[in-house]
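fold the following.
(chains A and B)
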Amino acid sequence: MATMLSHARRHRPFGRDAMAGWLFVLPVIIVLGLFLVLPVVMAAWVSVSDWTGRGSPFSSTVNFVGIDNYRDLLGEPGLAQRDFGTSIRNNVYYVLLVVPTQTAVALFLAVLVNKRIKSRGFFRTAFYFPSVTSSVAITVLFLFLFSASGAVNRMLSFIGLRGPNWFADPRGIIHIGLGWLGVDQPPAALTDGSLLGVNWWEWASGPSVAMCVFIVLAVFTTSGTFMLLFLSALQNIQAEIEEAAIVDGTTGWQRFRLITLPMLRPTIATVITLGLVGTWQVFDQIYTGTRGGPAKTTLTPAYQSYSASFLNQNWGQGAAIAFVLFAIIVVLTAVQRSLLRERDNDGKPGRVLSTLSFRRNAGGDS
Amino acid sequence: MTTTLRTAMPAAVQVPKRSGLVRRQIATSCTYAALVVLAGLYILPFLIDVANSFKSEPDAAADPLGLIPATATSAAYQRLFQADFPNWFKNSVIITVTVTAGRVFFDCLAGYALARLSFTGRRVVFALLIAVMAVPNVVLLIPKFLVLNQLGMYDSYAGLIIPLLVDAAGVLIMKTFFESIPTAVEEAAKIDGAGTFRRFWSIVLPMSRPAVITIVILSFQASWNELSHFIVAAQDPELTPLTKGVAQLASGALSSGTQYPIKLAGAAVMTIPVAVLFFVFQRRIMNAAGGAVKE
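Numbering: from 1, shown residues only, chains lettered A, B, ... in the order given. Alright, predicted model coming up:
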């Protein structure tokens, strides 16, 4: 058999591999090129043009306007800039609250369901299930749960609290907190200065009550996915190390803090990166739920980019918002990864991938 | 690692055996209590969804927490299925099945090429994939519409499906998986004269079932739950899939009043297919994600 099949061709597998290699990756390259790379190039052009959505953006009636669209957002006082500043503020609070919370909750859940207990499969399923359901379905559900006469307010009434009309409440929670302390007039120092058309008092508002519901929603839907990433990492930590620590007589907390946590650092970095990238793009929930309201306190750059283009036909501005958002995500991710890598003292690339890979050689890393 | 721990840890924390047992029992009870409360928090919303979809609108407003409707009614579902809902469902099925099949095939092909075949430009392709993954989806919304329009694919199934047909992350998952398979397996086949595609198709792919199932699950879920692409790729109501339809229902485009039972019924029905997939492959998902190692 072997001798029969031995053929001259096998002596030059390199050439065959090269052909096959390109053939194999061709479909991926074509689709990604057409619907990912080409669109980015087109968007770059649209963001410096005055295209209004009619006809081709490359037709002769469309003019190059330089950085006008970007200046309207970043430099020139006006409605566009004010809206953009507001959406950035909203999203900053969203990111600041969602990313640490989802990471902590996911790690906590992973540690719990990693223990040797009965029916842990059931618990894993329960925690992961919200992650597989559509964000539209969950948003619809949350619209009901947090409606004025909804389930959450009913629960609050059991303990004598009157819940707000969540999705219609534009008050920032820091402003509410300050109100309780008796500060309801902004100090002049904070209303004088402003950034991106939003004064400092407004920057310090905190997420609105409506935005807080989206924050809870995000933690609810993402913690399961990240739990699985942590779980996979936890199971890759060799049992022997933990056993050695048990012999040494350490408590569970010590083991977690001194052994598990340091070994999880790459996974934590991954989860934070994925979290940052995801939270800056929040769109589906806003589209389904509030469309930016109440009082623009759930407006996000992603939704603003959509509404500027598709609803207001201001395509140049929409594209410019998308690129600024792109820049924000790239810069923040780079900063975060270099910070975590420094402390990690291990610049090994491809960490995201190795964590994402579902099958890993147990001892392969050491 | 072990030796450094030995020196770093205080060795005197040893506890007598019996109190250790009691402590472990207390710890286990606490773990269970925490798990039950948390699981309740994660499951209850879905139960509330289903329960309220079987209520009348006044009932749902009067008793949003009740898990058993005072007078159960399927009115919400009937109204839903008399409207465009069946058509939305059909569109979602068509899109999801095609996209999943395409992604499995193309992701595996490309993943295999990147893992195993040496060809000029492999590093460039790999770097491009990584770069592509970093591009936020929202940046693409506007120009995706443009490209589709230019290609005459706007308002067509092709426009809804083809852009979703491959995903960089899936390629990379498959690549990583293929790299974990020992090359020795293929060397034998190579010596036997098997061609590249045959090595891929009949040797490596069958060994990759866990990863392929991962791609199936991820693709099914991603395309079933996709929203933003459908918003920009079509406006014809005939081509509206579930996510877009229910989202428009939610923002009140088609209804007067709150109509929560109907919206909740829509949300419940659109959750069923992913839920079924999830429960069928549940062990697989958990095992796979838990790093099921063959050796």
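
was I right about residue A:224 contacting residue A:131?
Yes: using Cβ atoms under 8 Å, residue A:224 makes contact with residue A:131 at a distance of 3.8 Å. In short, each C-beta sits where N, CA and C put it, glycine included.

of the two, which one has the most company?
residue A:224 (24 against 18; other Cβ atoms under 10 Å in any protein chain shown).

measure the more buried one to residue A:128 for me?
4 Å (Cβ to Cβ, to the nearest Å).

ditto for residue A:258
For residue A:258, the distance to residue A:128 - Cβ to Cβ - is 29 Å.

any stretches of the stretch 251-366 of chain A with poor pLDDT?
A:341-366 (pLDDT under 70).

again, only using 80
Within the stretch 251-366 of chain A, the segments meeting pLDDT under 80 span A:251-255, A:258-259, A:337, A:340-366.

tell me where it has helices.
A:252-255, A:261-279, A:284-289, A:301-306, A:315-344, A:351-356 (DSSP state H, counting those that start in this stretch).

buried ones in the shortest one?
Neighbour counts over helix A:252-255 (16 or more other Cβ atoms under 10 Å in any protein chain shown) mark A:252, A:255 as buried.

just the longest one next, same as before
When neighbours are counted by 16+ other Cβ under 10 Å, the buried residues of helix A:315-344 are found to be A:315-326, A:328-329, A:333, A:336-337, A:340-341, A:344.

any part of it near chain B?
Yes: Helix A:315-344 reaches chain B (Cβ under 8 Å from any Cβ of the partner chain) through A:315, A:318-319, A:322-323, A:325-326, A:329-330, A:333.

measure how that helix sits relative to helix A:261-279, angle-wise.
180 degrees (axes from the mean of the first three to the mean of the last three Cα atoms, to 10 degrees).

average pLDDT across the strand or helix carrying residue B:20?
Remark: residue B:20 resides in helix B:17-53, with elements defined by DSSP states H and E. Across helix B:17-53, the average pLDDT comes to 86.

the helix or strand just after it near chain A at all?
Sequence order places helix B:57-62 as the next helix or strand after helix B:17-53, per DSSP H and E. Yes: in terms of Cβ under 8 Å from any Cβ, part of helix B:57-62 sits within range of chain A, namely B:60-62.

out of the residues you listed, who's the most crowded?
residue B:60 (27 neighbours).

quick one: the strands in chain A, in order.
Along chain A, counting by DSSP state E, strands occupy A:194-195, A:198-199.

before we move on, the earlier item: just the residues of helix B:57-62 next to chain A now: which is nearest residue B:104?
residue B:60 (40.7 Å; Cβ to Cβ).

residue contacts, the closest one?
By Cβ atoms under 8 Å, 6 or more residues apart in numbering or on different chains, residue B:60 lies in contact with A:144, B:52, B:260-261, B:264.

apart from its chain neighbours, what residue comes closest to it?
Leaving aside its sequence neighbours, residue B:60 sits nearest to residue B:52 (Cβ to Cβ, 6 or more residues apart in numbering or on different chains; 4.6 Å).

and the one you found, how many residues sit next to it?
For residue B:52, the neighbour count with other Cβ under 10 Å is 30.

now do residue B:74
Using other Cβ under 10 Å, residue B:74 has 13 other residues around it.

the spatially most central residue of chain B and residue A:29: what is the separation?
Chain B has residue B:221 as the residue nearest its centroid, 3.3 Å off, counting by Cα atoms, centre = their mean. Distance, residue B:221 to residue A:29, by Cβ to Cβ: 25 Å.

does residue B:231 really touch residue A:284, like I thought?
No: between residue B:231 and residue A:284 there is no contact under Cβ under 8 Å: 9.4 Å.

find the nearest non-adjacent residue to residue B:181, please.
Using Cβ to Cβ, 6+ apart, the nearest residue to residue B:181 is residue B:207, at 5.8 Å.

what about the one you found, distance to residue B:112?
Counting by Cβ to Cβ - residue B:207 and residue B:112 are separated by 12 Å.

kindly report the same for residue A:27.
Distance, residue A:27 to residue B:112, by Cβ to Cβ: 13 Å.

with neighbour numbers in mind, choose between those two.
Remark: of residue A:27 and residue B:112, residue B:112 carries more neighbours, 27 against 17, as counted by other Cβ under 10 Å.

please, which helix or strand holds that one?
Taking DSSP H and E as the definition, residue B:112 sits inside helix B:85-116.

tell me what that helix is packed against?
helix A:13-32, helix B:122-134, helix B:157-161, helix B:168-180, helix B:209-225, helix B:242-250, helix B:260-280 (3 or more Cβ pairs under 8 Å, 6 or more residues apart in numbering or on different chains; DSSP states H and E).

taking helix B:122-134 as reference, get the angle to that helix.
Using the same axes, to 10 degrees: helix B:85-116 against helix B:122-134 is 150 degrees.

would you mark the buried spots in helix B:85-116?
The neighbour-count check on helix B:85-116 (16+ other Cβ under 10 Å) flags B:85, B:87-89, B:91-92, B:95-96, B:98-100, B:102-104, B:106-116 as buried.

same deal with stretch A:60-68?
A:62, A:65, A:68.

tell me the contacts of the residue lying closest to the second one once chain neighbours are set aside?
Nearest-residue entry for residue A:65: residue A:50, 4.9 Å, with adjacent residues in sequence omitted and distances by Cβ to Cβ, 6+ apart. Taking Cβ under 8 Å, 6+ apart as the definition of contact, the neighbours of residue A:50 are A:62-63, A:65, A:68, A:316.

could you dump those to CSV with distance to residue A:199?
Listed next are the contacts of residue A:50 as CSV, based on distance: Cβ to Cβ, whole Å:
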residue, distance to residue A:199
A:62, 36
A:63, 34
A:65, 29
A:68, 25
A:316, 27
